[in-house]
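Chemist: coords please:
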Amino acid sequence: MAGNCCADACASSLARGRYRRVLWLALLINLAMFGVEIGAGVRAESVSLLSDSLDFFGDAANYGVSLFVLGLGVVMRARASLAKALTMGLFGLFILVVAVRNFLDGSVPHASTMGLVGMLALLANIAVAVMLYAYRDGDSNMRSVWLCSRNDALGNLAVMLAALGVFGTGAGWPDLIVATIMALLAISAAVQITRHARAELRAERLA
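Modeler: Numbering: from 1, shown residues only. Prediction:
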């Protein structure tokens, strides 16, 4: 019995070590892409690129929080998930506001920059999503990290479609539509994470 407990504990420790390394790598990738996209978004006057750059920054912060709470109790991890869900929801609302402002201004982004940077961001996010795929069904904290990476990859595909739309129409509305979709994805993920984290907290209270 004691041998089994030791084996389980060692396996759990090894799994946490692997997950920690994956989070560190994801953190560095997201920080690098934040710097690339925020510069490109400003130059291209693209709301979808700017929203994606902020998303990279938010994800880097989320990975940092996940590293901090890794190995702590369920309550602390669930509370961290609630904080991350709030951040994601606020990010979504911010992008909606910026999209409305750009719609009123009638600005047209640079399609070629959107497409190239969107492709680079997609490759980065696919790499992160593949690394995190094995942890998608963990606790609310792990699930929140997986949802962030999944939303990022979907968002990059949308940015590339927006670039094609802007190039084909010569108008800015495809960029605004994509930014709105990305904002709604962030809000939806925030709701899912909040529900999961609250369920964990209720279960801990009952226990």
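Chemist: what sits against the residue nearest to residue 170 when sequence neighbours are not counted?
Modeler: Spatial nearest neighbour of residue 170, chain neighbours left out: residue 108 (6.8 Å); criterion: CB to CB, 6 or more residues apart in numbering. For every residue, glycine as well, the C-beta is placed using N, CA and C. Residue 108 makes contact with 45, 166, 170-172, according to CB atoms under 8 Å, 6 or more residues apart in numbering.
Chemist: what about stretch 163-177, how long is it end to end?
Modeler: Distance between the two ends of stretch 163-177: 11 Å, counting by CA to CA, to the nearest Å.
Chemist: That stretch: how far from the chain's middle?
Modeler: Centroid displacement of stretch 163-177 relative to its chain, using CA atoms, centre = their mean, to the nearest Å, is 24 Å.
Chemist: List the buried residues of that stretch.
Modeler: 163, 165-166, 172, 174-177 (16 or more other CB atoms under 10 Å).
Chemist: Give me the residues contacting it.
Modeler: With CB under 8 Å, 6+ apart, stretch 163-177 has contacts from 46-48, 99, 102-103, 106-109, 111-112, 114-115, 118, 161-162.
Chemist: just the buried members of the residues you listed?
Modeler: 46-48, 99, 102-103, 108-109, 111, 114-115, 118, 161-162.
Chemist: okay, who's weakest in the residues you listed by pLDDT?
Modeler: Within the set of those, pLDDT is lowest for residue 102 (79).
Chemist: I'd like the distance between that residue and residue 204.
Modeler: Distance of residue 102 to residue 204, given as CB to CB, to the nearest Å: 44 Å.
Chemist: Please enumerate the strands of this protein.
Modeler: Counting by DSSP state E, one finds no strands in the chain.
Chemist: how about the helices of it, start to end?
Modeler: 2-44, 47-69, 74-105, 111-132, 140-169, 173-206 (DSSP state H).
Chemist: Please work out the angle formed by the directions of the shortest one and helix 173-206.
Modeler: Which is helix 111-132. 20 degrees (axes from the mean of the first three to the mean of the last three CA atoms, to 10 degrees).
Chemist: do the same with the second one
Modeler: Relative orientation of helix 47-69 and helix 173-206, computed by the same axes, to 10 degrees: 20 degrees.
Chemist: Could you give me the buried positions within helix 47-69?
Modeler: So for helix 47-69, counting by 16+ other CB under 10 Å, buried means 47-63, 65-66, 69.
Chemist: gap between it and the chain center?
Modeler: Distance, stretch centre to chain centre, for helix 47-69: 6 Å (CA atoms, centre = their mean).
Chemist: The third one too?
Modeler: For helix 74-105, the separation from the chain centroid amounts to 11 Å (computed by CA atoms, centre = their mean).
Chemist: residue contacts, the residue sitting nearest the centre point of the chain?
Modeler: In the chain, the residue lying closest to the centroid (CA atoms, centre = their mean) is residue 148, at 2.8 Å. Residues near residue 148 by CB under 8 Å, 6+ apart: 55, 58-59, 62, 88, 189.
Chemist: before we move on, the earlier item: for residue 199, see how far away the residue nearest to residue 170 is.
Modeler: From residue 108 to residue 199 the distance is 45 Å (CB to CB).
Chemist: and what of residue 183?
Modeler: Residue 183 sits 25 Å away from residue 199, going by CB to CB.
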